[in-house]
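Trainee: this one's structure only:
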């Protein structure tokens, strides 16, 4: 997982909205679907892309899978972006 996959995942507005939701709390796919007007399959597809990019991790608890933001990857991206602004 590198920056290329992360930035590609972040290029989609729906995935950015999902990240905004997960910023607040971990959620199941069903809870995430309730915030959108699209099918569960579409949300699952977006979650899969975010997971493959390392931006989201999942945790199975009983019969539910909870998704949460992977802060270590987000912090790595933010650190790299901040380094671009640093003076020479």
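Mentor: Structure received. Because the structure is predicted, anything quoted here is derived from the model rather than measured.
Trainee: burial measure for residue 27, as a count.
Mentor: 18 (other Cβ atoms under 10 Å). C-beta coordinates here come from the backbone N, C-alpha and C atoms, glycine included.
Trainee: buried set for the lengthiest helix in the chain?
Mentor: Criterion DSSP state H: the longest helix present in the chain is helix 71-85. By neighbour count with 16 or more other Cβ atoms under 10 Å, helix 71-85 contains the buried residues 73-74.
Trainee: packing partners for that helix?
Mentor: helix 3-10 (3 or more Cβ pairs under 8 Å, 6 or more residues apart in numbering; DSSP states H and E).
Trainee: Identify the residues contacting residue 14.
Mentor: Neighbouring residues of residue 14 by Cβ atoms under 8 Å, 6 or more residues apart in numbering: 36, 38, 42, 46.
Trainee: Equivalent analysis for residue 39, please.
Mentor: residue 33 are the contacts of residue 39 under Cβ under 8 Å, 6+ apart.
Trainee: and residue 59, helix, strand or coil?
Mentor: strand (DSSP: H, G, I helix; E, B strand; the rest coil).
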